[in-house]
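> can you look at this prediction? I've put the sequence above it.
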2 protein chains.
Amino acid sequence: MGRLTGGDPSLLRRINSAVVLHALRAADFATLTEITRVTGLSRPTVEGVVEGLSEAGLVVETDADEGGARRQGRPARKFRFRAEAGHLLGLEIGAHRVAAVLSDLDGKILGTAAKDVSETAPADERLERLRGAVADLLRRAGVSRGSLRAVGVGSPGIVEADGSVRLSTALPGWTGLPLGERLRRSFKCPVLVENDANAAAVAEHWKGAATESDDVVFVLAGLSPGAGSLIGGRLHRGYGGAAGEIGALHLLGREVTPETLLSTTDEPLHPLDEQAVAKVFAHAREGDERARAAVDRFIRRLVHDVGALVLALDPELVVVGGWAAGLDDVLEPLHRELTRYCLRPPRVTLSLLGEAAVATGALRLALDHVDEELFAVEGTVTQRHQ
Amino acid sequence: MGRLTGGDPSLLRRINSAVVLHALRAADFATLTEITRVTGLSRPTVEGVVEGLSEAGLVVETDADEGGARRQGRPARKFRFRAEAGHLLGLEIGAHRVAAVLSDLDGKILGTAAKDVSETAPADERLERLRGAVADLLRRAGVSRGSLRAVGVGSPGIVEADGSVRLSTALPGWTGLPLGERLRRSFKCPVLVENDANAAAVAEHWKGAATESDDVVFVLAGLSPGAGSLIGGRLHRGYGGAAGEIGALHLLGREVTPETLLSTTDEPLHPLDEQAVAKVFAHAREGDERARAAVDRFIRRLVHDVGALVLALDPELVVVGGWAAGLDDVLEPLHRELTRYCLRPPRVTLSLLGEAAVATGALRLALDHVDEELFAVEGTVTQRHQ
């Protein structure tokens, strides 16, 4: 039951710091008087908190007086949030490439890097390529590794809370890999590992096709589709982190793999061979009947998988990204069939972030983690009522 | 941005009332001194709040002193929450029956009533049967209609926030029916309408098969299955209230209705004819091959639909209820196939509440509504930080 009076002084101090940081981050800069007014805190409290934040390097006095009306006497001191006090990384580890994006504490992007990697590369080689991309990026941006406050990572598979990969069929040597632990050796800060489709969903909601909606299914459409869902603006991971791993649906009662589905010969396609699939789509456009039939099967499967997600979750918006989003003829049948069969059909749109989605979402997750540490007013206050 | 100081006196009064009610409801009875200690409020505040609550009829002085050690002098006054100060109804409106359950403000069940109704009955007749069941129940329990504080209703279909039925194929005349508005004419209190599977999910979580889990999919398994989901203990309705309406999944790309699926002749079964379906299952048990094949098709469909829900949501637990849960041979193949194909298979169990699930869940929703009004400490405090 909640107690509404009294309280823990260190908790109060933490809350007050968070409130002042909030206020300073929202403004470009502010005087102590302005902070006092906006936060409702007393002047001595604000002075104490600002001093503490300055010592921690998170707040700095600024002489941002240019252009303002000069007044007589000593002008009031102004303070601003030091977004450059720390940095964040968003990483993608995919089948064909690794990528990294760097930002400051406000989430402002300072640079990106990417490297190709073979889909057959073992885990060590894949991680080595990623470390190379990160080192390049930090060097080019002139940011030291010690300045990193959090690292987010998006990768295919079911990810445990501790950052280990419970199951991933897409990358060799990935199942059972303690990915978070491995990466924590390279970074001194928290490393947060997330399923790639989940990360991409977060990214589209942050700065992509889903900024206007809080109830979103993001479909990472490839040979075997995965999905990430936001419910009320929050990532829905599922009880065991496996929500949206819809790829197995076609196996229930019909033993057809995507590779057989898209084959135009008696041999299945090579898994993850997107070039081969693109060729099938190209042949279909040129009028090849066998290719046309294979593409139809592929799209029917995708429609069915997305339909299952939509019926289960009833999102406002479906964003289609990943490799298959770049193909012609995917969005239209998806929209038509969902409208036909779903009791309340959602809007359907293409990803705006394209191949940047996973790393961008991983960055957002790192940013959320730091925000929670620095600015967690609601969290700490709510605690009092549990 | 959150303000942490100051505050609205009427809001504070409301919070203090809720805190005291919380404390009294948790205990059987308490003295003013005990309330002061548990709530952290001052003695004068507690006295004022208890006086206000007594005037509102929610708290009463009790002489529950029997059995306790008698002390010298006047014993301290003791107070208790008046659970009998109001009543709640949970209603089910189904294809074959209407049902009602009555409780006090603590959710203690005081009585139930049910009436059969024809699956072809028009909306007016169905509502009339329901009113009859409610009148019987109130009369038998000696509870006046004016004592009702909230009414919950569970019914098939997609339900809008205002309680009107957006779409329902199961009940004649149900699509477009302003069900909440119609029922509000019979009751002077709030009426909350919910999809039947959603209500049943809430019920199993409250006092059925899912009390130990907060991430649950409840499958109302009939000819066309529906489902309700709890995520983190909260009902997931979906953006348009259509989450879990998985019945259309089999239509995506395969034009087979459940009635053809289960037919052992060339004619489809009559919709909602559960007797006919039970006969098919009985024949299958007796070795009839055509019936066996129909049952296999039916179970394969159910497994596929539940599989879609599980892959999309990744629940900890699947509870199977509704009419088909009573059939043999449903749970075992469901469990086997989910274990085989889901990356993280959930536990699967049968409903404990059986046909009481929908009305019980509707009652819980009514209780939640009243709780929120009377005891909403967290809600009102959180408001300060928005």
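That came in fine, so what should we check first?

> and the stretch 201-350 of chain A, which residues reach chain B?
Listed as neighbours of chain B in the stretch 201-350 of chain A under the rule CB under 8 Å from any CB of the partner chain: A:215, A:227, A:229, A:231, A:236-246, A:248-249, A:251-253, A:300, A:303-304, A:307-309, A:311-316, A:337, A:341-344, A:346. C-beta coordinates here come from the backbone N, C-alpha and C atoms, glycine included.

> so which other helices or strands are in contact with the host helix or strand of A:Ala201?
When elements are assigned from DSSP states H and E, A:Ala201 belongs to helix A:196-207. In terms of contacts (3 or more CB pairs under 8 Å, 6 or more residues apart in numbering or on different chains; DSSP states H and E), helix A:196-207 is packed against strand A:87-93, strand A:148-155, strand A:216-220, strand A:226-231, strand A:234-236, strand A:317-321, helix A:357-375.

> and it, how far out from the chain's middle?
4 Å (CA atoms, centre = their mean, to the nearest Å).

> okay, it in CSV with CA atoms only?
C-alpha atoms of helix A:196-207 as CSV (Å, rounded to 0.1, in the frame of the first residue of the first chain):
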residue,chain,number,x,y,z
ASP,A,196,16.2,-7.0,-34.6
ALA,A,197,12.5,-6.6,-35.5
ASN,A,198,11.7,-5.2,-32.0
ALA,A,199,14.5,-2.7,-32.4
ALA,A,200,13.2,-1.7,-35.8
ALA,A,201,9.7,-1.2,-34.4
VAL,A,202,11.1,1.2,-31.8
ALA,A,203,13.0,3.1,-34.5
GLU,A,204,10.0,3.6,-36.8
HIS,A,205,8.1,4.9,-33.8
TRP,A,206,10.9,7.2,-32.9
LYS,A,207,11.7,8.8,-36.3
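
> could you list every residue that touches the spatially closest residue to A:Leu138 that is not a sequence neighbour?
Spatially, and ignoring its direct neighbours in sequence, A:Leu138 is nearest to A:Arg145 (6.2 Å; CB to CB, 6 or more residues apart in numbering or on different chains). A:Arg145 makes contacts with A:138, A:187-188, as judged by CB atoms under 8 Å, 6 or more residues apart in numbering or on different chains.

> for these, which one is nearest chain B?
For those, the closest approach to chain B (CB to the nearest CB) belongs to A:Phe187, at 28.2 Å.

> check which helix or strand covers the closest one.
Here A:Phe187 is assigned to no helix or strand, by DSSP H and E.

> quick check: it touching A:Val153?
No: counting by CB atoms under 8 Å, A:Phe187 does not reach A:Val153; the two are 10.2 Å apart.

> these two: which is more packed in?
Neighbours were counted for A:Phe187 and for A:Val153 using other CB atoms under 10 Å in any protein chain shown; A:Val153 has more, 27 against 16.

> point out where the stretch 151-300 of chain A drops to low pLDDT.
A:223, A:250-274 (pLDDT under 70).

> excluding chain neighbours, what is closest to the closest residue to chain B within it?
Going by CB to the nearest CB, chain B is nearest to A:Gly238 of the stretch 151-300 of chain A, at 2.5 Å. Nearest non-adjacent residue to A:Gly238, counting by CB to CB, 6+ apart: B:Asp314, 2.5 Å away.

> A:Ser17 too?
Nearest to A:Ser17 is A:Val49, by CB to CB, 6+ apart, at 5.3 Å.

> A:Arg149 too?
A:Gly86 (3.9 Å).

> same thing with A:Arg184?
Computed as CB to CB, 6+ apart, the closest residue to A:Arg184 that is not its neighbour in sequence is A:Val191, at 5.0 Å.

> was I right to think that neighbour contacts A:Pro178?
No: A:Val191 sits out of contact with A:Pro178 when judged by CB under 8 Å, with a separation of 11.0 Å.

> so those two - more neighbours on which side?
Taking neighbours as other CB under 10 Å, A:Val191 and A:Pro178 compare with A:Val191 leading, 24 against 14.

> rewinding a little: just the buried members of the residues of the stretch 201-350 of chain A next to chain B?
Among these, those classed as buried by 16 or more other CB atoms under 10 Å in any protein chain shown are A:215, A:227, A:229, A:231, A:236-246, A:248-249, A:252, A:300, A:303-304, A:307-309, A:311-316, A:337, A:341-344, A:346.

> state the distance from A:Ser229 to A:Asp314.
11 Å (CB to CB, to the nearest Å).
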